[in-house]
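Peer 1: Quick one: sequence and predicted model below, then my questions.
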Amino acid sequence: MAVKEGDFIRLEYTGKVQETGNVFDTTDENVAEEAGIKLDNKNYGAIPIVVGGGHVLKGLDEAIIGMKEVEEKKVDITPEEGFGLRDPKLLQLIPMAEFRKQGMKPEVGMAITSDGITGIIRSVSGGRVRVDFNHELAGKNLEYNIKVIKIMDDDIEKIKSMIELHYTAPNIDSEKHDIQIIDGVVKIAMDEMAKFDKKPYMDITFARFRIARDIWENLDNIEKVEFVDVFEKKVKKEAEEAEIAEEALVKEDTAAKVESEEVIAEEAVDKTESKEIAEEVLPEE
């Protein structure tokens, strides 16, 4: 079965800059480590995407169509298909005074953010700072090695894959998500650990929106997605089990204490008997 637009798949890839051969992104942990770009907080392995859903570069989306499971391919990406051409307007001069107001000391190579866009300081001279707001890969020809690991068929698996893509958290187990599809409505109760996530509220809202959008745009007959937060009172049975376990621990501690006291008593008796025997053996003066 060949991949088509709208399919949910798992994809492995490694991206390089053609001019230098430097690896800038990969799903392979070993490759990332060799290239010196490994991130401790990143989960490596094949990523879930919707083909044509804008989850990867446009050039990759187009190259994936028609591939089959476990098929591999090398893809060349032009700047237009990748991170765009360099825009001279995004190279800006900022007065040093603006940095002083923020209590910052600008240095070459430092990353700064302005209006939600990240730029790199290229030079500092004459009371002015030159900042490049172009993407670091803008204007670069890229090379990707890609492999389609799996084409998903099951709707529940597809929904879980979008949660994995948009809601990244190390302690969340996708197998513990409770997902139901009833009369065109998807109800999602995420793994209980998601309730203790420290992400900002707006980040969680945007993540849920992206999950919902990918579901209703790419699954047939889905009109609505609901996220359900459930807080349950501990049932009596669980409380009883906890009480029984606590009683068992108390009994074990008591038994251990009694055994210890018996050992101490036995040692005391042995010492007394030894002393009496020694006194009997000693000659009278």
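Peer 2: Great, that's in hand.
Peer 1: How far does stretch 198-212 sit from its chain's centre?
Peer 2: Relative to its chain's centre, stretch 198-212 lies at 14 Å (C-alpha atoms, centre = their mean, to the nearest Å).
Peer 1: Next: stretch 182-193.
Peer 2: With C-alpha atoms, centre = their mean, you get 21 Å for stretch 182-193.
Peer 1: and the nearest residue to Ala35 once chain neighbours are set aside, how far is that from Glu80?
Peer 2: Among residues not flanking Ala35 along the chain, Val23 sits closest, at 3.9 Å (C-beta to C-beta, 6 or more residues apart in numbering). The C-beta positions use only the backbone N, C-alpha and C, and glycine is treated the same way. Remark: distance between Val23 and Glu80 (C-beta to C-beta, to the nearest Å) = 22 Å.
Peer 1: So these two - more neighbours on which side?
Peer 2: Legend: neighbour count by other C-beta atoms under 10 Å for Val23 and Glu80, higher for Val23 (18 against 10).
Peer 1: neighbours around Glu226, how many?
Peer 2: 13.
Peer 1: quick one: secondary structure of it?
Peer 2: strand (DSSP: H, G, I helix; E, B strand; the rest coil).
Peer 1: Can you tell me the closest non-neighbouring residue to it?
Peer 2: Counting by C-beta to C-beta, 6+ apart, the residue nearest Glu226 is Lys187, at 4.9 Å.
Peer 1: So for the one you found, what's the pLDDT?
Peer 2: Per-residue pLDDT puts Lys187 at 96.
Peer 1: now do Gly116
Peer 2: For Gly116, the predicted pLDDT is 80.
Peer 1: Any figure for the gap between Lys89 and Asp132?
Peer 2: Distance, Lys89 to Asp132, using C-beta to C-beta: 11 Å.
Peer 1: give the contact list for the residue nearest to Glu226.
Peer 2: By C-beta atoms under 8 Å, 6 or more residues apart in numbering, the contact set of Lys187 is 179-181, 226, 228.
Peer 1: what element comes up after whichever strand or helix holds it heading to the C-terminus?
Peer 2: Taking DSSP states H and E as the criterion, Lys187 maps to strand 185-189. Downstream of strand 185-189, the next assigned helix or strand under DSSP H and E is helix 201-218.
Peer 1: then that following helix to PDB, C-alphas only?
Peer 2: The C-alpha trace of helix 201-218 is given here as PDB (Å, rounded to 0.1, in the frame of the first residue of the first chain):
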ATOM      1  CA  TYR A 201      -2.100  26.900  30.400                       C
ATOM      2  CA  MET A 202      -1.900  28.500  27.000                       C
ATOM      3  CA  ASP A 203       0.600  25.900  25.800                       C
ATOM      4  CA  ILE A 204      -1.700  23.100  26.800                       C
ATOM      5  CA  THR A 205      -4.700  24.900  25.100                       C
ATOM      6  CA  PHE A 206      -2.700  25.300  21.800                       C
ATOM      7  CA  ALA A 207      -1.500  21.700  21.900                       C
ATOM      8  CA  ARG A 208      -5.100  20.400  22.400                       C
ATOM      9  CA  PHE A 209      -6.300  22.600  19.500                       C
ATOM     10  CA  ARG A 210      -3.600  21.200  17.200                       C
ATOM     11  CA  ILE A 211      -4.600  17.600  18.100                       C
ATOM     12  CA  ALA A 212      -8.300  18.400  17.500                       C
ATOM     13  CA  ARG A 213      -7.600  20.100  14.200                       C
ATOM     14  CA  ASP A 214      -5.500  17.200  12.800                       C
ATOM     15  CA  ILE A 215      -8.200  14.700  13.900                       C
ATOM     16  CA  TRP A 216     -11.300  16.400  12.400                       C
ATOM     17  CA  GLU A 217      -9.400  17.400   9.200                       C
ATOM     18  CA  ASN A 218      -8.000  13.900   8.500                       C
END
